[in-house]
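Participant: quick one, structure for this:
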Amino acid sequence: CAHPSLPFGTPVLVQNSENGAQCQVIVTDRGPYVGNRCIDLSKAAANKLGITGLARVICKTGRYLANSMKDKDNLHPQVASQHKSQH
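Facilitator: Take a look at the predicted model:
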């Protein structure tokens, strides 16, 4: 995934707030630089989450990875996009 500020190598648990699908991704790039998006996902991660284009997602790092997405009181959906390759 691409994230504007998390260190490279950081694992991030991403959940599609619409369908509940979740997967873990690793920060390997910087971005997104468009609008109010919080994270760009690889095509594989977007497919696993059922995302095409933009979607509201919930991102967790650190201790939240071990607990999955069980703490629903503190979840705040943000906007993600499928990462478009420059190739």
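Participant: so, low pLDDT: which residues of this structure?
Facilitator: Applying pLDDT under 70 to the chain picks out residues 63-87.
Participant: in it, which spans are strands?
Facilitator: Assigned by DSSP state E, the chain shows strands spanning 11-16, 22-26, 37-41, 54-60, 78-82.
Participant: restricting to C-alpha, output the fourth one in CSV.
Facilitator: What follows is strand 54-60 as a C-alpha-only set of coordinates in CSV (Å, rounded to 0.1, in the frame of the first residue of the first chain):
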residue,chain,number,x,y,z
LEU,A,54,-12.9,4.6,-4.0
ALA,A,55,-14.3,3.1,-0.8
ARG,A,56,-14.6,3.9,2.9
VAL,A,57,-12.1,1.9,4.9
ILE,A,58,-10.9,1.5,8.4
CYS,A,59,-7.1,1.3,8.9
LYS,A,60,-5.4,0.0,12.1
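Participant: which ones are touching the residue nearest to the spatial centre of the chain?
Facilitator: By C-alpha atoms, centre = their mean, the chain has its centre lying nearest to residue 14, at 4.2 Å. Residue 14 sits next to 1, 22-25, 39, 41, 45, 49, 57-59, 80 when contact means C-beta atoms under 8 Å, 6 or more residues apart in numbering. C-beta: built from backbone N, CA, C; applies to glycine.
Participant: name all residues that make contact with residue 50.
Facilitator: 16, 18-19, 21.
Participant: run the chain-centre distance for stretch 9-24.
Facilitator: With C-alpha atoms, centre = their mean, to the nearest Å as the basis, stretch 9-24 stands 5 Å off its chain's centre.
Participant: so which of the strands of the chain comes closest to residue 5?
Facilitator: For residue 5, the closest of the strands of the chain is strand 37-41, at 10.1 Å, according to C-beta to C-beta.
Participant: for that closest one, the distance to its chain's centre please.
Facilitator: 6 Å.
Participant: which helices and strands sit right next to it?
Facilitator: Counting contacts by 3 or more C-beta pairs under 8 Å, 6 or more residues apart in numbering; DSSP states H and E, strand 37-41 packs against strand 11-16, strand 54-60, strand 78-82.
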